[in-house]
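In: what's the 3D shape of this:
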Amino acid sequence: MNETIAVIGGGPAGLMAAEVLSGAGRTVTVYERMPSLGRKFLMAGRGGLNLTHSEDFRAFVGRYGPAAEHLRRRLEAFTPADLTAWAEGLGQPTFVGSSGRVFPRTLKASPLLRAWLARLDRQGVTFRTRMDWRGWNAAGELVFAGGETARPDVTILALGGASWAKLGSDGAWAQTLAEEGVALAPFEPANGGFTVDWSPMFRERFAGQPLKAIALSHGRRTLRGEAVVAAYGIEGGAVYALSADLRAAIAQAGSATVEIDLRPGLTREQLAARLDRPRGGQSTATFLRKAAKLSPLEIGLLREAHGVALPADLAAAIKRVPIRLTGTQGLARAISTAGGVRFDAVDENLMLKARPGVYVAGEMLDWEAPTGGYLLQACFATGAAAARAILARQPGGE
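Out: Have a look, this model is predicted:
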C-alpha cells in the first residue's frame, strides 16, 4: 500500500513522523512555512542541545503533569533510551550531564539536523518550504497560501505551539481547527518568566545575573536548580518547573509568592552556626559574604525581600527569601506553550475526531513540561506515535 502522506510542520515531531513513514515505504511530503526546516530545534540547541533526560522513567513521565497519562503510552513506545540511540545512529554520540540531562557530544543541534535531513532525503522524503498551510477547501484538499492545493491520503499536523513565532510556530492554526469543530484549550506561556516589581537599584545592578544552586518553593513543591534575575522579574529552569502552578495561582489571586532557599545544602542550624561569630567592624554585607559565602546578588535579594535592615535571624532569612510574582511574561517570550488540541479531540491514535484521516503530533497537543529534555522527548514520541498509527491502519480505513 503506497499511501501519500502530507506532514505539515518541519520540526522534531513532523520530521520524526516523516522518518517512520518513509522508512516503511510511504510517500511523504513535508510542508514547512519557513524558508528552512527545524528552526526552533536549532534555537533549542544554541545553549547546548538537551535531547532528553536519564532519570527514572516513572519520574520522567510525571514531569508532564496532568497530561502524563495521555502521553505515557507514547513515551513508552519511544523512550529516552530510544531517542538517545536514534541520535547516536545518526553519528551523534551523546553524554549524560551532571544534572541527568542527555546531550549530543557536540552540544549543537546543527550537526544532528544535517545528518537527519540527509537520511530523510535518502528515504525519499520530499521537502516543500515556504508553504503556509491555510486549511482545507470544499473538496477536502489541503490549501496553502498562494492557492496551491494538495490531496494526500493522510495528513499529520505538527505545527508547533504559539511561542517563538519568528521561528515558525505562531499558533495561527488554532483558528483553522476551531472552525472545523476541534476542541482546543487556550494557549498559555509555559517555561517563561514571571514579573517581579524589583526596586530600580536592584534591577539596574543585578538584571541578567544567575542564582545558582538554589531551592525554589511554592505551595508543597520544592525544586532545586537555577534561576536568573531579569529586568522584568525572574526566569530560569527552577522557575519553569513550577510555571503551571504559578500561572494558576496568579490567575486566581493576582499574584503568587515563591520562596528561595539560597543555601539548600545547609540546614538552618548549620547556617546559624556559621553565622555565630563576632562581626568586628565588618559591614553586614562583608560579614555575609565571608561567613555564608553569599554573593552580592544574593545579599541584594535578601534586602529586596526582607528590607535593607535585615532580620536578626539571618540564617532563617537566607533559608526563606519570599519573592512576589505579579504576572507572567507573554507567549512571545515563552520557550513553549500550554494549551492547544485537547486530548479528548483526538482518538487513541492521535487522529482528530472532527477530521478523520488527520493526525496531530508535537506541541500542538495540550501538554506542557519543564525544560530538561522533556519538551523534545514528547515531540519526538508523539510524532513517532502518529506515524505508527498510520502504518497500523487497515487499507482504506481511517
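
In: surely R203 meets G233?
Out: No - R203 sits out of contact with G233 when judged by CB atoms under 8 Å, with a separation of 9.5 Å. (Each C-beta comes from the backbone N, C-alpha and C, glycine too.)

In: please identify which of these two sits among more neighbours.
Out: G233 (23 against 17; other CB atoms under 10 Å).

In: in the sheet, who's paired with that one?
Out: For G233, the beta-bridge partners are T195 (DSSP bridges).

In: my read is that it contacts G192, right?
Out: No - if you go by CB under 8 Å, G233 and G192 don't touch, sitting 10.2 Å apart.

In: where do the contact lists of these two overlap?
Out: Q329 (CB atoms under 8 Å, 6 or more residues apart in numbering).

In: which residues in the stretch 251-398 of the chain form helices?
Out: In the stretch 251-398 of the chain, the helices defined using DSSP state H, counting those that start in this stretch lie at 268-275, 284-291, 296-306, 314-319, 374-391.

In: among these, which comes closest to Q329?
Out: helix 374-391 (17.4 Å; CB to CB).

In: just the mean pLDDT for the closest one, thanks.
Out: The average of the pLDDT scores along helix 374-391 is 97.

In: confidence score at G330?
Out: Here the pLDDT value assigned to G330 is 86.

In: contact partners for it?
Out: G330 neighbours (CB under 8 Å, 6+ apart): P189, G192.

In: against M43, how distant is it?
Out: Counting by CB to CB, to the nearest Å, the gap from G330 to M43 is 18 Å.

In: residue contacts, E88?
Out: T94.

In: surely it is within a helix?
Out: Yes - according to DSSP: H, G, I helix; E, B strand; the rest coil, E88 belongs to a helix.

In: do you know how far it is from S99?
Out: 20 Å.

In: same check on L391?
Out: 36 Å.

In: list of residues touching the helix or strand of the chain with the lowest mean pLDDT?
Out: Sorting the helices and strands of the chain by mean pLDDT, DSSP states H and E puts helix 39-44 at the bottom, at a mean of 87. Residues outside helix 39-44 that contact it (CB under 8 Å, 6+ apart) are 11-12, 50, 109-110, 113, 160, 164, 167-169, 375-376.

In: output those as TSV; include the columns secondary structure.
Out: Shown next, in TSV, are these (three-state DSSP):
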residue	secondary structure
G11	coil
P12	helix
N50	coil
A109	coil
S110	helix
L113	helix
G160	coil
W164	coil
L167	helix
G168	coil
S169	coil
L375	helix
L376	helix
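
In: among these, which ones are buried?
Out: Burial by neighbour count, 16 or more other CB atoms under 10 Å: within the contacts of helix 39-44 this picks out G11, P12, N50, A109, L113, G160, W164, L167, G168, S169, L375, L376.

In: pLDDT weak spots in this structure?
Out: 1, 45, 394-398 (pLDDT under 70).

In: can you list the domains in it?
Out: 4-190+330-391, 194-328 (automatic domain parsing).

In: just give me how far the longest one sits from the chain centre.
Out: Relative to its parent chain, domain 4-190+330-391 has a centroid offset of 12 Å by CA atoms, centre = their mean, to the nearest Å.

In: how long is that domain end to end?
Out: 12 Å (CA to CA, to the nearest Å).

In: do stretch 347-355 as well
Out: 11 Å.

In: cool, and stretch 326-337?
Out: 19 Å.

In: how about it: buried residues?
Out: G327, T328, Q329, L331, R333, A334, I335, S336, T337.

In: ok, back up a step: most tightly packed of the domains of the chain?
Out: Greatest average neighbour count among the domains of the chain goes to domain 4-190+330-391 (a mean of 20), per mean count of other CB atoms under 10 Å.

In: continuing past the least confident helix or strand of the chain, what's the next helix or strand?
Out: Using DSSP states H and E, the helix or strand that follows helix 39-44 in sequence is strand 52-53.

In: what packs against that following strand?
Out: helix 80-89, strand 101-104, helix 374-391 (3 or more CB pairs under 8 Å, 6 or more residues apart in numbering; DSSP states H and E).

In: how about the ones you listed, which one is nearest P264?
Out: Across the helices and strands packed on strand 52-53, closest to P264 is strand 101-104 (CB to CB), at 19.5 Å.

In: what residues does that closest one touch?
Out: Here strand 101-104 has contacts from 48-54, 80, 83-84, 87, 92-97, 111-112, 372-373, using CB under 8 Å, 6+ apart.

In: which strands border that strand, and is each parallel or antiparallel?
Out: By DSSP bridges, strand 101-104 pairs with strand 52-53 (antiparallel), strand 94-96 (antiparallel).
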